[in-house]
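>>> I need the structure of the sequence given here:
(chains A, B, C and D)
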2 protein chains.
Amino acid sequence: MSTPERLIESTRELLWERGYVGTSPKAIQQHAGAGQGSMYHHFAGKPDLALAAIRRTAQEMRATADGVLGGTGSAYERIEAYLLRERDVLRGCPVGRLTMDPDVVASDELRAPVTETLDWLRDRIAGIVQEGQERGEFAATLDAQAIAATVVATVQGGYVLARASASPAAFDTGVRGLLALLFAATTPAP
Amino acid sequence: MSTPERLIESTRELLWERGYVGTSPKAIQQHAGAGQGSMYHHFAGKPDLALAAIRRTAQEMRATADGVLGGTGSAYERIEAYLLRERDVLRGCPVGRLTMDPDVVASDELRAPVTETLDWLRDRIAGIVQEGQERGEFAATLDAQAIAATVVATVQGGYVLARASASPAAFDTGVRGLLALLFAATTPAP
DNA sequence: GTCTATATACAGATAGAC
DNA sequence: GTCTATCTGTATATAGAC
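Residues are numbered from 1 along each chain as shown, chains lettered A, B, ... in the order given. Got it, this is the predicted structure:
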């Protein structure tokens, strides 16, 4: 891997683990096996490098989610597949965790990929819920956008619960509760 | 307010806003209007002060939640009251945000109040769901612990969505979706 | 209890040699 | 492109005077 590549990948790792505020240029250089001068040759500074890392992480999360949500099956099944997909639960969401980073939230540029990704995810899920409603699978009275927001929030909050208890179980339990509620909102096939 | 009090309160504010990693002793001193020597006279250092602050914040959150959850009304209504209670949504949860702080999670002492508070909250809500089931208000097939985890996760994740979009609307939308699903899981009064 | 002085290390770069 | 030197400021304290 080229040096800029290693720097971006290292930054992604460290941002995920320690956040923007907790990640120093020095730590990035050491993780990437690159020198000081090398890093500043390829990137203008910490914010520039972080932007590249955040954009890539956001892009990757989007692709992963799209892959699962675009699968086959009923609306319920596709949302279920998304909720049950394999996750590194205790590491948290590499995109969502950035919303708790004051310096990321304070910067329009750094926050933009986070905003866009979570907005996209919500809309993507809302589309599936709506599809399910058109097919008579979900009750037509539901607000697709609201259900989608609940789904995304449960995932993001599930990470919080899991990290608080230092165990992935809490994430799974929250997801199980949501799936039970969602299933109860499906209408039996005619 | 006494100097130790001002130091604790300042630390609470800064932990809420910038997290543990992003909060320096110097910033605390300035916010509290206390000198360097003064702070180190009353507290052993940053972790000691943070522990006092986190404990108090956790205690306060518990008291607030208990006040709302212990109100009158049906199980659904009490959970609804908790979900709709006034919140400083864009600031996030002062307890939950600590789970994204690497230094807090790495310390058993600092993490303990976070773990305990979220565990307590989950159990408290599970008790209410179960009560609702015993009264025939909620379907008996639901897993009370799972529903409680979903409720807490939706709130914690709602903060993430709100901060990502820099607007409290996403929090409200997620809560609305959850309430719709919960309501659909109630059985009509006989 | 509070203040000032001092100390070591790290944060986040810039400059210029190679 | 990469390296080393250098720089200013901050992080997180400790020591001792008042």
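
>>> Quick check: buried residues in the longest helix along chain A?
Secondary structure assigned by DSSP state H gives helix A:108-134 as the longest helix of chain A. Within helix A:108-134, the residues that count as buried by 16 or more other Cβ atoms under 10 Å in any protein chain shown are A:110-111, A:113-118, A:121-122, A:124-126, A:128-130, A:132-133. C-beta here means a position set from N, CA and C on the backbone, and glycine is covered the same way.

>>> what's the answer for stretch A:70-84, then?
A:74-76, A:78-83.

>>> Could you pick out the residues of chain A near DNA strand C for me?
Proximity of chain A to DNA strand C, by Cβ under 7 Å from any atom of the strand, involves residues A:23-27, A:36-37, A:40, A:45-47.

>>> hmm, 10 Å instead?
A:18, A:20-30, A:35-41, A:43-50, A:103 (Cβ under 10 Å from any atom of the strand).

>>> and those residues near DNA strand D, which?
A:21-22, A:24, A:29, A:35-41.

>>> Quick one: buried ones out of the residues you listed?
Buried, going by 16+ other Cβ under 10 Å: A:21-22, A:29, A:38-39, out of those.

>>> nearest to A:A65, of the buried residues of stretch A:70-84?
Using Cβ to Cβ, A:Y82 comes nearest to A:A65 of these, at 6.6 Å.

>>> Contacts only, for that closest one.
Contacts of A:Y82 were listed using Cβ atoms under 8 Å, 6 or more residues apart in numbering or on different chains, and they are A:65, A:68-69, A:125, A:151.

>>> same deal with A:A166?
So A:A166 contacts A:90, B:105, B:111, B:115 (Cβ under 8 Å, 6+ apart).

>>> pretty sure the third one contacts B:D101?
No: no contact is recorded between B:R111 and B:D101 when judged using Cβ atoms under 8 Å, the distance being 9.2 Å.

>>> what about A:T72, which helix or strand?
Using DSSP states H and E, A:T72 sits within no helix or strand.

>>> Relative to B:V21, how far out is it?
The gap separating A:T72 from B:V21 is 43 Å, by Cβ to Cβ, to the nearest Å.

>>> A:L179 too?
35 Å.

>>> Over to A:G22?
Counting by Cβ to Cβ - A:G22 and B:V21 are separated by 4 Å.

>>> Quick check: neighbours shared by the two?
Common neighbours of A:G22 and B:V21 (Cβ under 8 Å, 6+ apart) are B:102-103.

>>> Would you check that A:R6 makes contact with A:A34?
Yes: the pair A:R6 / A:A34 is scored as a contact, 6.4 Å apart, by Cβ under 8 Å.

>>> Report the contact partners of A:T187.
A:T187 makes contact with A:136-139 under the criterion Cβ under 8 Å, 6+ apart.

>>> could those be laid out in CSV, adding secondary structure, neighbour count and distance to A:A164?
Formatted as CSV, the contacts of A:T187 follow (DSSP: H, G, I helix; E, B strand; the rest coil; neighbours: other Cβ atoms under 10 Å in any protein chain shown; distance: Cβ to Cβ, whole Å):
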residue, secondary structure, neighbour count, distance to A:A164
A:G136, coil, 13, 39
A:E137, coil, 18, 34
A:F138, strand, 24, 32
A:A139, coil, 14, 33
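
>>> Using JSON lines, lay out those residues together with pLDDT.
Converted to JSON lines, the contacts of A:T187 look like this (pLDDT from 0 to 100):
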{"residue": "A:G136", "pLDDT": "96"}
{"residue": "A:E137", "pLDDT": "97"}
{"residue": "A:F138", "pLDDT": "96"}
{"residue": "A:A139", "pLDDT": "95"}
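
>>> Closest one of these to DNA strand C?
A:F138 (46.9 Å; Cβ to the nearest atom of the strand).

>>> Flag the shaky bits of chain A, pLDDT-wise.
Within chain A, the set of residues satisfying pLDDT under 70 comprises A:189-190.

>>> quick one: the helices in it?
Going by DSSP H, chain A shows helices at A:3-18, A:25-32, A:36-42, A:46-69, A:75-84, A:102-106, A:108-134, A:144-165, A:169-184.

>>> and the last one, C-alpha only, in CSV?
In other words, helix A:169-184. In CSV, the C-alpha atoms belonging to helix A:169-184 read as follows (Å, rounded to 0.1, in the frame of the first residue of the first chain):
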residue,chain,number,x,y,z
ALA,A,169,-25.7,-8.7,24.2
ALA,A,170,-27.4,-5.4,24.9
PHE,A,171,-27.2,-4.6,21.2
ASP,A,172,-28.8,-7.9,20.2
THR,A,173,-31.5,-7.5,22.8
GLY,A,174,-32.5,-4.1,21.6
VAL,A,175,-32.6,-5.3,18.0
ARG,A,176,-34.7,-8.3,19.1
GLY,A,177,-37.2,-5.9,20.7
LEU,A,178,-37.4,-3.8,17.6
LEU,A,179,-37.9,-6.8,15.4
ALA,A,180,-40.7,-8.1,17.6
LEU,A,181,-42.5,-4.7,17.4
LEU,A,182,-41.9,-4.5,13.6
PHE,A,183,-43.2,-8.0,13.1
ALA,A,184,-46.3,-7.2,15.1
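
>>> gap between that helix and the chain center?
Distance of helix A:169-184 from the chain centroid (Cα atoms, centre = their mean, to the nearest Å) equals 18 Å.

>>> In it, which residues are buried?
So for helix A:169-184, counting by 16+ other Cβ under 10 Å, buried means A:170-182.

>>> Thanks a lot, see you next time.
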